[in-house]
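Student: Build me a model:
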Amino acid sequence: MVANWLGNKCFKVVHQKNLVYNTCWEDPRIDRQALSLGADDSVLVITSAGCNALDYALQSPRSVHAVDMNPLQNALLELKCAAIRTLNYDDFFDVFGRGFHADWQSLYHNHIRSSLTAEARGIWDRRLDFFDGTSRRKSFYFRGTSGLFAWLVNGYLKRPAGLKEAIGELLQAESVDRQREVYQQRDINGLLWSKPLRWALRRDTTLAMLGVPRSQRNQLDRCYPGGIGGFIQDRIEAVFKTLPLRDNYFWRVYLTGSYTPDCCPEYLKEQNFERLKGGLVDRVHTHTNTVEGFLTGHDQPISRFVLLDHMDWLYDRHPELLVSEWQSILNRATSDARVLWRSAALAVDFVNPLMLQHEGSAVQLGDLLHYHDELATSLHARDRVHTYGSFYIADLFGRLSDDTAVTTEAVGATGVAA
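Tutor: Sure thing, here's the model as predicted:
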C-alpha cells in the first residue's frame, strides 16, 4: 500500500543520522522487579537514551551491554558515562537534569571530551549547542526528533488560555484524587485535545519523530477503537487521572523540558550518581550493532535480555531477521535466562510460532518460553509511561503448560502476555 510505503519512508528519513530518543520511554522501576538482577547477571538492553542501562547498573550486575544500531543513541550513553566519571554532581545534574549548563562548552572540552571514543567525540563536537542553553530549544530534552515534538507540544500548551497552568497543577498534585479534580475542574480534556492536535497525532511524520514505526500504527489502527489517535488520547488521559504524577519523571520532562531532584531517573539522584562514579558505571558497555550482530560476536553468556518494542518493527519489515535474532538469543542465553519486551499491540501473536533450532531439533519458540503472566499484569498496570499496549516477561527453556497457554491468551487481550 502507498500509505505503508510513505510511512516507512518517513520513519527511515527521520531516524537516519538523527538522535531520536533523548530519554528512555520504558519504566525501569517495573523492569527491576521483572528482571530480579543478581551479581552474576549479564544484561543486554537496547540502548535508546541509555537511562535504563544506568538504572540496571545500579543493581550491581556483572555487566550491562547497551546495543543499538543508531550510533547517536550510543554516543548519548557514552556522554552520560563520561560525564559521570569526570563531573561533580551539581554540574552533572544541570546538564542532564535541567537539560543545559551555562558553562557547557568548557565542561565538555576540559573534562568530558577526552573520555569519549573517537566516534562519540565526532558526534558531540558537532552538537555542542544541544546542552549550552543558547538556542530557542533551550533544554536538551527539546532536542532530537522526539524532543522537537516535545518542544512543539510545549508551545501548543501555551496557546489555550490556562492549559499550561493546569498542567503545572497536575504535576504538583499530592494525590491521584487531586489530579482527577484538576483534570475535571480545569477542563484539561477540552483544552488539550483540539482538532489540530488530534490531526497531528495521526500523521506519519509526527509518529516517526516520536519513534513510532508504521507497523505499530497499523497494529493499533486494526485493533484499537479510534486507532492510534484514540489510543494515545486514552493513555495520556489515564496517566493524568489514574497514576501518581509526583514521581512520574517521564511525563514531567516531556511537559516541562526538565527534571527536578525529586522527580528524575535514578542515575540523576545524588547518592546513585556517587555509586555509579564509584565504579558501577564501568560495568556499562555500548555496542553499535544489531542484537544478533552483537550476540554472534560476543563470547560470554547473557542472562537477561531487554528488547524494548523493536520486535514490532522487525516482524513487520524483516520477519526472517526476527527468527535469526531469537536464534542468536537462544544460542547465547544462560539456562536461567529471562527476556522482557513490550509492544504497541494489545497482544502479540508472532513470537511463540517462530521456528528455531534447539539441541539439534526444530522447535517452536513458544515451547521454550515460560511466561510470568500475573507479574506482567501487575507491573504493566503500574507502568508510569503507560503508552505500550502490552508487556511480557518470559523465561527461556521453560515449557508452556496447557494451563499457562490458556492464561496467556486470555490476559493478552487486555494487554499483558500472549
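
Student: Which strands or helices does the strand or helix carrying Ala75 pack on?
Tutor: Assessed by DSSP states H and E, Ala75 sits inside helix 71-86. In this structure, helix 71-86 packs against helix 51-57, strand 63-68, helix 118-125, helix 270-277, strand 284-288, with contacts taken as 3 or more C-beta pairs under 8 Å, 6 or more residues apart in numbering; DSSP states H and E. From N, CA and C alone the C-beta is placed, and that goes for glycine too.

Student: hey, which of those is tucked in deepest?
Tutor: helix 51-57 (a mean of 27; mean count of other C-beta atoms under 10 Å).

Student: chain center to that helix, what's the gap?
Tutor: Helix 51-57 sits 11 Å away from the centroid of its parent chain (C-alpha atoms, centre = their mean, to the nearest Å).

Student: what's the average pLDDT for that helix?
Tutor: Helix 51-57 shows a mean pLDDT of 99.

Student: likewise stretch 266-284?
Tutor: Stretch 266-284 comes out with an average pLDDT of 99.

Student: now it: how far from the chain's centre is it?
Tutor: Centre to centre, stretch against its chain (C-alpha atoms, centre = their mean), the figure for stretch 266-284 is 20 Å.

Student: Equivalent analysis for stretch 27-34, please.
Tutor: In this view, stretch 27-34 has its centroid 12 Å away from the chain centroid, taken as C-alpha atoms, centre = their mean.

Student: returning to what we had before: closest to Arg214 out of the helices and strands packed on helix 71-86?
Tutor: strand 63-68 (20.2 Å; C-beta to C-beta).

Student: Counting by contacts, list what that closest one packs against.
Tutor: Helices and strands touching strand 63-68, by 3+ C-beta pairs under 8 Å, 6+ apart, are strand 42-46, helix 51-57, helix 71-86, strand 284-288, helix 291-297.

Student: Quick check: which of those is buried the most?
Tutor: With a mean of 27, the top stretch among those by mean neighbour count (mean count of other C-beta under 10 Å) is helix 51-57.

Student: Excluding its own residues, what touches it? List them.
Tutor: Applying C-beta atoms under 8 Å, 6 or more residues apart in numbering, the contact partners of helix 51-57 are 23-24, 26, 28, 31-32, 35, 37, 43, 45, 47, 64, 66, 77, 80-81, 84, 265-267, 276, 280-281, 283-284, 306.

Student: at 6 Å what do you get?
Tutor: Applying C-beta atoms under 6 Å, 6 or more residues apart in numbering, the contact partners of helix 51-57 are 23-24, 28, 43, 45, 64, 66, 265-267, 280, 283-284.

Student: For those, work out which two are farthest apart.
Tutor: The widest separation within these (C-beta to C-beta) is 21.2 Å, between Thr23 and Arg283.

Student: more neighbours, these two?
Tutor: More neighbours surround Thr23 than the other of Thr23 and Arg283, with 24 against 20 (other C-beta atoms under 10 Å).

Student: Please name the nearest non-neighbouring residue to the more buried one.
Tutor: Nearest residue to Thr23, sequence neighbours excluded (C-beta to C-beta, 6 or more residues apart in numbering): Ala49, at 4.9 Å.

Student: Low-confidence ranges, the chain, go.
Tutor: Within the chain, the ranges that satisfy pLDDT under 70 run 1-16, 211, 398-418.

Student: about what we covered before: what is the orientation angle of the helix holding Ala75 with helix 270-277?
Tutor: With axes from the mean of the first three to the mean of the last three C-alpha atoms, to 10 degrees defining the directions, helix 71-86 sits at 100 degrees from helix 270-277.

Student: For the closest residue to Ser63 other than its chain neighbours, give its distance to Val64.
Tutor: Excluding the flanking residues, the one nearest Ser63 by C-beta to C-beta, 6+ apart is Ser42, at 4.7 Å. Distance from Ser42 to Val64, counting by C-beta to C-beta, to the nearest Å: 8 Å.

Student: do you know how far the spatially closest residue to Arg382 that is not a sequence neighbour is from His380?
Tutor: Distance criterion C-beta to C-beta, 6+ apart; nearest residue to Arg382, sequence neighbours excluded, is Ile30 at 6.3 Å. Distance, Ile30 to His380, by C-beta to C-beta: 7 Å.

Student: now swap in Leu72 and tell me
Tutor: Per C-beta to C-beta, Leu72 is found 30 Å from His380.

Student: tell me which element Arg217 is part of?
Tutor: helix 214-223.

Student: Any idea how far that helix is from the middle of the chain?
Tutor: That offset, for helix 214-223, works out to 19 Å (C-alpha atoms, centre = their mean).
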